[in-house]
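1. Whatever this is, show me its structure:
(chains A and B)
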Amino acid sequence: GAVVSQHPSWVICKSGTSVKIECRSLDFQATTMFWYRQFPKQSLMLMATSNEGSKATYEQGVEKDKFLINHASLTLSTLTVTSAHPEDSSFYICSAPTSGGAGETQYFGPGTRLLVL
Amino acid sequence: KQEVTQIPAALSVPEGENLVLNCSFTDSAIYNLQWFRQDPGKGLTSLLLIQSSQREQTSGRLNASLDKSSGRSTLYIAASQPGDSATYLCAALKTSYDKVIFGPGTSLSVIP
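-> So this is what the prediction gives:
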């Protein structure tokens, strides 16, 4: 089945630093990928939609200058948390839809846990 | 705008009981509905996926049903085990290329 990977799986950083998270579709191409985040004891909420070759679209309340998204190829989207602060500590997860055919769905990466000290 | 809710928010049952988790969605125009399991501090594990044309899916002790007309899905867990303790999320997908809308989850604790 389709596989989506994320790297790193967890990261601890100091406040003010930037952190890059990669999302890769390993055996299929994804022109669109989605980034979600999950705060402790809450459900997953969509942050932004990553579009290959064009700008990402952000959900209301998500700062596009703080969460930079680059979808440079059909298999890779990156999320960079710039000048991270403790309130950015969260679980970040990406998903990618498969292309073509019936019965398809989206596949989720294993997630990246970010802790900002 | 699609909204997904889950009842109950938390559930504690003794081992061996059968249980039902409920999920409701406001927009019946869905592509599929999926049930996930999430262990503390971990990612998502897909349990069952029901396409919009289907009414139920089964995997082992798990059975998920879908009633689009009423905007409801249920996850039935038979003969619960302590290893079933986790948070269960339902998620609705409008189209295969659209975002997934997650419910808030049901936290299940199965007591030995």
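2. the bottom helix or strand of chain A by mean pLDDT?
-> The weakest-scoring helix or strand in chain A, judged by mean pLDDT, DSSP states H and E, is strand A:106-108 (a mean of 86).
3. Tell me the strands beside it, with direction?
-> Sheet pairing for strand A:106-108, assigned by DSSP bridges, gives strand A:90-97 (antiparallel).
4. Measure how buried whichever residue of chain B sits closest to chain A is and give me the count.
-> Of all residues in chain B, residue B:43 sits closest to chain A, at 3.9 Å by C-beta to the nearest C-beta. Just so you know, the C-beta spots here come from the backbone N, C-alpha and C atoms, and that holds for glycine as well. If you count neighbours by other C-beta atoms under 10 Å in any protein chain shown, residue B:43 ends up with 18.
5. related to what we said a few turns ago, starting from the following helix or strand past the least confident helix or strand of chain A, tell me which strands it pairs with and how they run.
-> Next along the chain after strand A:106-108, taking DSSP states H and E as the criterion, comes strand A:112-116. Paired neighbours of strand A:112-116 in the sheet (DSSP bridges): strand A:10-13 (parallel), strand A:90-97 (antiparallel).
6. coming back round to it: spit out the contact partners of the residue of chain B closest to chain A.
-> A:91, A:93, A:108, A:109, A:110, A:111 (C-beta atoms under 8 Å, 6 or more residues apart in numbering or on different chains).
7. do the same with residue A:77
-> Applying C-beta under 8 Å, 6+ apart, the residues near residue A:77 are A:22, A:23, A:30, A:33, A:35, A:50, A:52, A:69, A:70, A:71, A:94, A:96.
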